[in-house]
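>>> structure, please.
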Amino acid sequence: VKTKCENKAENKSKEQKGKFMKIIEGGVTAAQGFEAAGIEAAIKYQNRKDMAMVYSKTPCRAAGVFTSNVVKAAPVLWDREIVENSPAVHAVIVNSGIANACTGKAGYECCRQTAEKTAQLLKISPDAVLVASTGVIGNQIPLDKLLAGVEKLAAARADTQEAGTLAAEAIMTTDTVSKQAAVQIELGGRTVTVGGMCKGSGMIHPNMCTMLAFVTTDAAISRELLQEALREDVTDTFNMISVDGDTSTNDTLVALANGMAGNPEITCKNADYARFKEALGYINTTLAKKMAGDGEGATALFETKVIHADTKENARILSKSVIGSSLCKAAIFGHDANFGRFLCALGYSGVQFDPEKIELYFQNAEKSILIYKDGSALDYSEEEAAQVLASPEVTVLVDMHMGDAEATAWGCDLSYEYVKINADYRS
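Coordinates of the predicted model:
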């Protein structure tokens, strides 16, 4: 049975969708009350930033989604406990270079001491501190360098856009660019900002991936609805990307809401909740696409959009099957209009459909070419199709002609450079 709030939201959602959203510059410091820092701690890397902090001046409601891998890194275990049981979160400490995964009791102790050091410096409780790590699995983090890094971060934190950028740069591993996004909406007559940063380039696969992502907002929203909004949104954002088919030990997506915008607190699924979810969806989709397009060795963002499927879940399965196929990814890299590979990936997805009824298109920003229809290839130009596939962003559109459901998945091409990067990653 729908609540009064849900009925109101349903009545207004279509007419208001996108109406209140303004894309702005920035990331985790875009929302009121948030500070960040990025510094060099020499934990593994030399002459580059490798530690970051995100800090809220006031307590935050926290929500989180973590790796589905049975092998979970120590920071994932620490953060899951904090998100589920701590009354508030104030800070996040992140290091890159060493993942603190498969490190036993010593790894968890490293998380505890990091939180205690942060708490001491910022005059907050240790259970208000989240930690995150990314990098090589199996190595212990040098605790002395980590704690010294916390001191530097506490001293360097600022609420500027530059500070947010430094933090986004400090969490990179094999990423080639930092990844940020921010947006503003109106809730209850107040301007609410949602911002975020993430890292991710390899060991990326649906069901959360080697990604660290941090979303900050000054919205006032209940902890329960923040968690529900985040968990639901992941299904069509971060869980719809794949670079290489590997699900990591460290995947962490955290959202922090400090309420400093002063909007009426969102406590039910009303129109404000719908608008907040739209803004959250924009941030998560933008960050997810940035990760997919920056896959290790990638030269192109590879998108598959399935339309007119019979169910939403089947549309998700079909689109993920295509972007996850090594042969399809290689075809994008080679600009090879071998449509049979894409049909094959659809066919082994597990979804039942009639291949005689579907249509398949190759698209870029300027052009759409119908490649396959009514069970056979059309008379398209191989040269023109190859030019489309050579674009920095390529879409394979599949019309199932079965219903009204649709879904989009994002990946990247598979290049020679991917093997090179991962063959010598530890060294």
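
>>> report the longest strand in the chain, please.
What stands out as the longest strand in the chain, according to DSSP state E, is strand 51-66.

>>> which is the next helix or strand following it?
Per DSSP states H and E, strand 51-66 leads on to helix 74-85 as the next helix or strand towards the C-terminus.

>>> which residues does that next one contact?
62-64, 66-67, 89, 100-101, 103, 107-108, 110-112, 115, 127-133, 249-252, 254 (CB atoms under 8 Å, 6 or more residues apart in numbering). In this view, the C-beta of every residue, glycine as well, is placed from N, C-alpha and C.

>>> check which residues of it are buried.
For helix 74-85, burial by neighbour count (16 or more other CB atoms under 10 Å) applies to 74-76, 78-80, 82-83.

>>> before we move on, what about stretch 152-163?
152-154, 156-157, 159, 161, 163.

>>> what is the nearest of those residues to C344?
Of all those, C344 sits closest to Q161, with 45.8 Å by CB to CB.

>>> which ones are touching the closest residue to the closest one other than its chain neighbours?
Spatially, and ignoring its direct neighbours in sequence, Q161 is nearest to G26 (4.9 Å; CB to CB, 6 or more residues apart in numbering). Residues near G26 by CB under 8 Å, 6+ apart: 161, 164, 180, 182, 195.

>>> could you redo the last one with a cut-off of 6 Å?
161, 164, 182, 195 (CB atoms under 6 Å, 6 or more residues apart in numbering).

>>> tell me the one of those residues nearest T216?
G195 (5.4 Å).

>>> relative to A73, how far out is the closest one?
Noted for G195: a distance of 25 Å to A73, by CB to CB, to the nearest Å.

>>> wouldn't Q363 be in contact with T395 here?
Yes - with contact defined as CB atoms under 6 Å, Q363 counts as touching T395 (4.2 Å).

>>> quick check, G259 in contact with A220.
Yes - using CB under 6 Å, G259 is in contact with A220, at 3.8 Å.

>>> which secondary structure element of the chain has the lowest mean pLDDT?
Ranking every helix and strand in the chain by mean pLDDT, DSSP states H and E puts helix 4-16 at the bottom, with a mean of 45.

>>> let me see the ranges of the helices in this structure.
Counting by DSSP state H, the chain has helices at residues 4-16, 74-85, 104-122, 143-156, 161-170, 223-234, 271-293, 312-323, 326-334, 339-347, 382-389, 416-423.

>>> low-scoring stretches of the stretch 251-400 of the chain, by residue?
Scanning the stretch 251-400 of the chain for pLDDT under 70 picks out the ranges 295-297.

>>> and C110, how far from P264?
41 Å.

>>> ugh, wrong one, L360
Taking CB to CB, one finds L360 at 48 Å from P264.

>>> so which of these two has more stuff around it?
A side-by-side neighbour count of L360 and P264, using other CB atoms under 10 Å, places L360 first with 21 against 12.

>>> which strand residues bridge that one?
Bridge pairing for L360 (DSSP bridges) gives the partners Y372, V398.

>>> surely it meets L370?
No - at 7.7 Å, L360 and L370 do not qualify as touching, with contact defined as CB under 6 Å.

>>> nearest residue to I266 in space, please, no chain neighbours.
Excluding its sequence neighbours, the residue lying closest to I266 (CB to CB, 6+ apart) is I221, at 4.2 Å.

>>> pretty sure the one you found sits against L256.
No - contact status for I221 versus L256: not in contact, 10.9 Å apart, counting by CB under 6 Å.

>>> these two: who's more crowded?
A count of neighbours by other CB under 10 Å puts L256 above the other of I221 and L256, at 29 against 25.

>>> and the nearest residue to that one once chain neighbours are set aside, how many neighbours?
Nearest residue to L256, sequence neighbours excluded (CB to CB, 6+ apart): C60, at 4.0 Å. Burial of C60 is recorded as 30 neighbouring residues (other CB under 10 Å).

>>> for S368, give its distance to V92.
Distance, S368 to V92, using CB to CB: 42 Å.

>>> more neighbours: the two, which one.
Neighbour count, other CB under 10 Å: between S368 and V92, V92 has more, with 27 against 11.

>>> quick check, the more buried one in contact with V131.
No - between V92 and V131 there is no contact under CB under 6 Å: 7.3 Å.

>>> how close does G340 get to K329?
Counting by CB to CB, the gap from G340 to K329 is 15 Å.

>>> which of these two has more neighbours?
Per other CB under 10 Å, whichever of G340 and K329 has more neighbours is K329, with 28 against 12.

>>> and that one, how far from G26?
32 Å.

>>> just H401 next, same as before
From H401 across to G26, the span is 42 Å (CB to CB).

>>> chain center to stretch 92-107: distance?
Stretch 92-107 sits 20 Å away from the centroid of its parent chain (CA atoms, centre = their mean, to the nearest Å).

>>> okay, that stretch in CSV with CA atoms only?
Below are the C-alpha coordinates for stretch 92-107, written out as CSV (Å, rounded to 0.1, in the frame of the first residue of the first chain):
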residue,chain,number,x,y,z
VAL,A,92,36.9,9.7,5.7
ILE,A,93,40.6,8.8,5.4
VAL,A,94,41.7,7.2,2.1
ASN,A,95,45.0,5.9,0.9
SER,A,96,46.1,4.6,-2.5
GLY,A,97,48.9,2.3,-3.5
ILE,A,98,48.2,-0.5,-0.9
ALA,A,99,44.8,-2.0,-0.5
ASN,A,100,45.0,-3.4,3.0
ALA,A,101,43.3,-6.5,1.8
CYS,A,102,44.2,-10.1,2.8
THR,A,103,46.1,-8.6,5.7
GLY,A,104,44.5,-10.3,8.7
LYS,A,105,44.2,-8.8,12.2
ALA,A,106,47.1,-6.4,11.5
GLY,A,107,45.1,-4.9,8.7
